[in-house]
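Trainee: sharing a model prediction with you, sequence too.
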Amino acid sequence: MGERASAGLHTATQGEPPMTASVAILHLEDDPADARLIREQLRRSGLGSSITLVDNPEDFQAALSRGGFDLILSDYHIPRISGHEALQLAKTVAPHIPFILVTGALGDERAVEVLRSGATDFVLKDRLARLAPAIERALSERAARKEHENTEVRLADAHRLSKLAADAARIGTWQLDVASGRMDCSEEFLNLIEVAPGHWAKTLDGLEGLMHPEDVGHCRQAYAEAVKQGHFLEMEFRVHTATGEVRWMHLRGDWSPATTLMPSMFLGVMMDITQRKRMEEALRVADRRKDEFLATLGHELRNPLAPIHNGLAILRKLTPQSGETEKIHTILDRQMNHIIRLVDDLLDISRFTLGKIELRRAPVELRTLIRGAIDMSQPLIEVRRHRLDVSIPSGSIMLDADSVRLTQVLSNLLNNAARYTGESGSISIRAGVEGGRAVISVRDNGVGIPEPMLERIFDLFTQVEGGGAGSVGGLGIGLAMARLLVELHGGEIEARSDGPGMGSEFVIRLPVSASDEASVAVGNASAADTRLSGRRILVVDDNCDSADSMGMLLELAGAEVTVVYDGESALAVVDEFRPDAVMLDLGMPGMDGYDVAQRIRGDARHRNLTLIALTGFGQDEDRERSAAAGFDHHLTKPADFAVVKALVASIQRKVAIAGG
C-alpha cells in the first residue's frame, strides 16, 4: 500500500536550516524504518518535500502513471522488483524525472551498471547526509536540461519563422571570402536561383555563370569597386533558372575587414525582385500610354480650336469695329487664349505635379490683368449678388509676367471670395505700388480664416472647414497653385484674417517691370501691320475648317494661298503652284505630314522650300520627329497669327536671298 508522508509541512525552528520549496518525491521502499530515516534526514536538511511511499511494483507503477512527481527515490532490493527494474519502468513512464537509488551495500560494478542504465545518482543508506545535496543537484541539473530544451525549442521555432519569412520575402543569405572567392549560401539563397546544394559551386564565378550575360560586366565592376574601397556591396542582375525563367535579383552585402582571426568577408542577403521589376515595367508602359493618350487628346482638342481661333481673327478683320464689338472680340480672344493654355497644361500635367510650370513672360499692364480676372469671375459674383469695389491707379503699372497665369491667380482669389462670402456680400480688389513692387489686395467680408489655418491655407488639398451656408467647395488646389505661380514670378502672397466670421484678405506683391510701354505698343503695331503681299503659301490639312480658316487669314494679310486637304493633293499641287512655304498638318490619314515632307525634300527643285508643321502634336518628341522629317518650323494649333505672319515674312526674305 502506498502512503503520503508529508515532510514539507514541517516548519523550521531556531537552529535548523530553512527548507526549500516543496519537492514531490515518489519513494519505493519496503522497509518502514528506512523510510522514516530518509524522511527525517530530508527534514533535518531543510529540503521541503512531499513524499509518496510505495512498497510494491503495482503501487509504484500506478503512482508513476498518475504523475506529478519531481523526483524518484528507490531502494535496490525490493520484493518482486529490483532497483534496476524500477529504473527501467520509470524511464519508460516518466523519462525526464531524476531517479536516485537509496540502498544498502551496492558493489562498484553494479553501481556503474545502474548509472549507465540512466540513474541520476545513488546514495548508500549509511551515508544519508549525501541525500539532500544529491537531490538538489539532480533537480538543478533537470532544471538546466529543461531550460536548455526550451531554448532549443525557441531557437527551432525562431529558425522556422525566419525560414518562413525568408521564403515569403524570397530572401537568402550569403557570405563571401574575398581572398579565396568561396561563397557560402543559405538554402533559401539556392532556392532563389534554383540550384541544388550538391550542384552549387560555392564561388562567385559560379554565381556569374548563372547571370544574364548583359549583367556580368557591371556586377564585376561593382564588386571590384566595393573590394577596392572596402565599402557596402549592392547590385542588381538577372539569373537564368533551371526551368528557363529569367528572374531579377538584388544582392546587398556588408564588408568586414580582415583580422588576425578572420579573413576579409562580405556578409549579406539576396532577394528576388522580379515582381518589383515587372511592376516597374508595367508603370513605364502605363506612362508611355499616358503620354500617347495625352498627345492624341491634345491633337483632337487643338484641331477644333484652330478654326475657332482663326474664325475670331477673321471676324475681327471683316466686322466693322465699334466699342461693343471690340469689347466682345477682346473677351473672346482672352477666353480662347485661356482655353489654349489649359490644353497645353493638360499635355504637360507632370510639370504641374513637380512644380515645373514654364512661364511665358511678356510686358503686360496690371490693369489688363485685373480686368481680365474680373471678366472671368463676374458670373459667380453676379449670381451671388455681391458688391464688387475696384480701385486701380490711373497710371500705368507694367509687369514682366505671364498674363494668362496671373489672370488665373487673380480670378481664383475673386472666385474664392465669392464662394466663401454670404449672398449680397462685399468684395474689393485694389492695386497700387509700394516700395517698387506692385501690390494687389482681394478682400471680402465672408467666413474668414481661423488663425492656425493662415499658413496652411496655401497647402495642397487644404480647405477652411465650416464655409457657411451656401458656400461652394472646391478641391483645395487653387491657393496652392496661386502661391506657386506668384513665387515663380518673383513675388509673394499672404493670407490675412481676424478670425471666423471676420472676412479675409489676400495680398500679392510682384516686381514692377522697367519695360517701356510705348515701345511694346509700337512693336505690337508693327507685327499687326505686317503684310504678306507676293508670298505664295500652300496650306495642307485634312481638317477642312482649320485649313480654310488659315487660308482666309493668310489671304487677308495679302498672301496668295492654295488650300488642299490631303498629302497626295499637296504633292500634285506643289510643282505647279511653286509655293514659298508649305504649312502642313502632320496627323493626316493615308499619307501623313511626315511622308509628304520627306517626298518634298527628296526633290532637288524644292531645296529652298520652307516647310512649316502646323499640328495638334506639340510634345518634344513630336518636334524632334518633324525636324528629322525635314520641317524647318513647328507650330502647334491654334497658332498665334501674328507669329505666323512674322514667320512667313522672314521666310520670303530668305527665299529671295537664296534665289539671288
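Mentor: Yes, it's here.
Trainee: which non-adjacent residue is nearest Arg360?
Mentor: Asp402 (5.0 Å; C-beta to C-beta, 6 or more residues apart in numbering). (C-beta placed from N, C-alpha, C; glycine too.)
Trainee: what residues are up against that neighbour?
Mentor: Shown in contact with Asp402 (C-beta atoms under 8 Å, 6 or more residues apart in numbering): Leu359, Arg360, Arg361, Ala362, Leu485, His489.
Trainee: which of those sits closest to Tyr420?
Mentor: Set against Tyr420, the nearest of those by C-beta to C-beta is Leu485 (20.5 Å).
Trainee: how far away is the residue nearest to Arg360 from Gly490?
Mentor: 12 Å (C-beta to C-beta, to the nearest Å).
Trainee: and Glu245, by the same measure?
Mentor: Counting by C-beta to C-beta, the gap from Glu245 to Gly490 is 56 Å.
Trainee: swap in Ser533?
Mentor: 43 Å.
Trainee: lowest confidence element among the helices and strands of this structure?
Mentor: helix 517-529 (a mean of 41; mean pLDDT, DSSP states H and E).
Trainee: tell me the first helix or strand C-terminal of that one.
Mentor: strand 536-540 (DSSP states H and E).
Trainee: quick check: neighbours of that next one in the sheet, parallel or antiparallel?
Mentor: strand 560-564 (parallel), strand 581-584 (parallel) (DSSP bridges).
Trainee: packing partners of the one helix or strand Ser411 maps to?
Mentor: Per DSSP H and E, Ser411 falls inside helix 403-419. Judged by 3 or more C-beta pairs under 8 Å, 6 or more residues apart in numbering; DSSP states H and E, helix 403-419 is in contact with helix 323-347, strand 362-365, helix 366-383, strand 426-434, strand 437-444, helix 478-488, strand 504-511.
Trainee: residues of the second one that come out buried?
Mentor: Spelled out, that is strand 362-365. Pro363, Val364, Glu365 (16 or more other C-beta atoms under 10 Å).
Trainee: residue ranges with poor pLDDT in the stretch 151-300 of the chain?
Mentor: Scanning the stretch 151-300 of the chain for pLDDT under 70 picks out 156-169, 261, 291, 294-295, 298-299.
Trainee: what's around the nearest residue in space to Leu454 that is not next to it in sequence, how many residues?
Mentor: Using C-beta to C-beta, 6+ apart and skipping residues adjacent in sequence, the residue nearest Leu454 is Ala495, 5.1 Å away. By other C-beta atoms under 10 Å, the residues close to Ala495 number 17.
Trainee: distance-wise, check Ala495 relative to Asp444.
Mentor: 12 Å.
Trainee: joint contacts of those two?
Mentor: Ser504, Glu505.
Trainee: before we move on, the earlier item: got the angle for the helix holding Ser411 vs helix 366-383?
Mentor: Helix 403-419 and helix 366-383 are oriented at 30 degrees to each other (axes from the mean of the first three to the mean of the last three C-alpha atoms, to 10 degrees).
Trainee: how about the CA coordinates for helix 403-419, as PDB?
Mentor: Taking Å, rounded to 0.1, in the frame of the first residue of the first chain, the C-alpha atoms of helix 403-419 are listed here in PDB:
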ATOM      1  CA  SER A 403      -0.600  87.300 -68.300                       C
ATOM      2  CA  VAL A 404      -2.600  84.100 -68.500                       C
ATOM      3  CA  ARG A 405      -1.100  82.700 -65.300                       C
ATOM      4  CA  LEU A 406      -1.500  85.900 -63.300                       C
ATOM      5  CA  THR A 407      -5.000  86.400 -64.600                       C
ATOM      6  CA  GLN A 408      -5.700  82.800 -63.400                       C
ATOM      7  CA  VAL A 409      -4.300  83.700 -59.900                       C
ATOM      8  CA  LEU A 410      -6.400  86.900 -59.500                       C
ATOM      9  CA  SER A 411      -9.500  85.100 -60.800                       C
ATOM     10  CA  ASN A 412      -9.000  82.300 -58.300                       C
ATOM     11  CA  LEU A 413      -8.900  84.800 -55.400                       C
ATOM     12  CA  LEU A 414     -12.000  86.600 -56.600                       C
ATOM     13  CA  ASN A 415     -13.800  83.200 -57.000                       C
ATOM     14  CA  ASN A 416     -12.800  82.200 -53.500                       C
ATOM     15  CA  ALA A 417     -14.100  85.500 -52.100                       C
ATOM     16  CA  ALA A 418     -17.400  85.000 -53.900                       C
ATOM     17  CA  ARG A 419     -17.700  81.300 -52.700                       C
END
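Trainee: circling back to that earlier point, my guess is the residue nearest to Leu454 meets Ile457, correct?
Mentor: Yes - using C-beta atoms under 8 Å, Ala495 is in contact with Ile457, at 5.1 Å.
Trainee: overlap in contacts of those two?
Mentor: Contacts common to Ala495 and Ile457, judged by C-beta under 8 Å, 6+ apart, are Ile449, Leu479.
Trainee: and the residue nearest the centre of this structure?
Mentor: Glu280 (11.3 Å; C-alpha atoms, centre = their mean).
Trainee: doesn't it lie inside a helix?
Mentor: Yes - checked against DSSP: H, G, I helix; E, B strand; the rest coil, Glu280 lies within a helix.
Trainee: ok, it to Asp177 distance?
Mentor: For Glu280, the distance to Asp177 - C-beta to C-beta - is 34 Å.
Trainee: Ser74 now?
Mentor: Taken as C-beta to C-beta, the span from Ser74 to Asp177 is 56 Å.
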